[in-house]
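A.B. asks: The sequence isn't on hand, but the structure is:
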């Protein structure tokens, strides 16, 4: 344009007059929406970072003894309560249990591995030596995880075993230094012949064994075995975890939840109450709920569904019961709308 005779000032003025300025006018509501969107994205990003970034694991270990006085050769039983105070992911923990004498000597030990996410309560036992000397001992548990360690302990006492009466004291023969037939010497004291039928046994007949019935017969102590006996660390046929947890709980310690569920499934038809007792001994609620559902289905008794903790699992138990027994009157007990609708549909389709 300079070539056609226009001055530079004229050209600049013309360009300035035709320049368009674009201005975006945002309303207060639009500004608030944009700010909320940005803040929401920030919160979501922070949450994702929190949940998908593993925290540092920090364990709290607490042992709870089942008994603090045991005899040589028996099993020391306790429950380990392990709480993860730091991390948010599942990881393995190595637990080493050591029974130590007062001088620090380890008399028995055992190592196991458990998995933990937030909290776990696991039963444990340690077999003690038969020739362990009576006295006070310490059970020390050391947890090793992620290059760290945590320890906890408790005291227990090993009592002196009661002296056993020789079997020859019951063979109706005078032997082994006895002063009479099965009396005197290593056996209980002999009574004068004239008083044998009349007098009670001198010193009584209590052998301090809760699993025997003690009596005095013609001046002689008779200690007959009591069967079944709750407290002999043997879960006998007539005992269940409900009737004798002291014996039968020890048996379940070495069984996994799946093993207990399988055993309860077999028992459910002939002895549903005993099967439910096995379910009650399972510490993990999800496994226990599954166990009660199987017992209810196999026993065809909806009453065992009541013990289920998870609401949806309980509704599933009722629905399975209805399908197995064709008893759809139970549909009204279902809380889940989908399960209740399915139950009513099955009822109409009969």
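C.D. replies: On my side now, so go ahead. Please read all numbers here as calculations on a predicted model, not as lab measurements. Numbering: from 1, shown residues only.
A.B. asks: wait, residue 102 sits on residue 137?
C.D. replies: Yes - using C-beta atoms under 8 Å, residue 102 is in contact with residue 137, at 7.4 Å. Backbone N, C-alpha and C define where each C-beta goes, glycine included.
A.B. asks: which of these two has more neighbours?
C.D. replies: The residue with more neighbours, out of residue 102 and residue 137, is residue 137; 23 against 9, by other C-beta atoms under 10 Å.
A.B. asks: A strand includes the more buried one, no?
C.D. replies: Yes - counting by DSSP: H, G, I helix; E, B strand; the rest coil, residue 137 falls inside a strand.
A.B. asks: Look up which residues are beta-bridged to it.
C.D. replies: Counting by DSSP bridges, residue 137 is bridged to residue 156.
A.B. asks: Could you verify my assumption that it touches residue 103?
C.D. replies: No - taking contacts as C-beta under 8 Å, residue 137 lies outside contact range of residue 103: 10.6 Å.
A.B. asks: Got the domain ranges for this protein?
C.D. replies: 59-158, 245-349 (automatic domain parsing).
A.B. asks: Let me see the contact set for residue 343.
C.D. replies: 318-319, 322, 328, 330-331, 334 (C-beta atoms under 8 Å, 6 or more residues apart in numbering).
A.B. asks: and if we set it to 10 Å?
C.D. replies: 315, 318-319, 322-323, 328, 330-334, 336 (C-beta atoms under 10 Å, 6 or more residues apart in numbering).
A.B. asks: before we move on, what about residue 213?
C.D. replies: Here residue 213 is in contact with 205, 222-226, 229 (C-beta under 10 Å, 6+ apart).
A.B. asks: Next step: those residues restricted to strands.
C.D. replies: Among the contacts of residue 213, the subset assigned to strands under DSSP state E consists of 222-225.
A.B. asks: from these, which two are the most distant?
C.D. replies: The most widely separated members of the ones in strands among the contacts of residue 213 are 222 and 225, with 10.9 Å between them, by C-beta to C-beta.
A.B. asks: Check the burial of residue 68 by counting its neighbours.
C.D. replies: Residue 68, neighbours per other C-beta under 10 Å, totals 13.
A.B. asks: ok, and for the helix or strand hosting residue 292, which residues are buried?
C.D. replies: Element membership for residue 292 (DSSP states H and E) is helix 285-299. Buried residues in helix 285-299, counted by 16 or more other C-beta atoms under 10 Å: 287-299.
A.B. asks: still on that earlier bit, for the contacts of residue 343, pick the one with the most neighbours.
C.D. replies: residue 318 leads the contacts of residue 343 on contacts (other C-beta under 10 Å) with 26 neighbours.
A.B. asks: and that residue, what is it in contact with?
C.D. replies: Neighbours of residue 318 in contact, by C-beta under 10 Å, 6+ apart: 293, 296, 302, 305-306, 308, 327, 330-336, 339-340, 343.
A.B. asks: What of residue 76?
C.D. replies: Neighbour list for residue 76: 65-70, 97, 99, 108, 124-128, 137, 139, 154, 156, 158 [criterion: C-beta under 10 Å, 6+ apart].
A.B. asks: ok, what's across the strand from residue 69?
C.D. replies: Judged by DSSP bridges, the bridge partners of residue 69 are residue 157.
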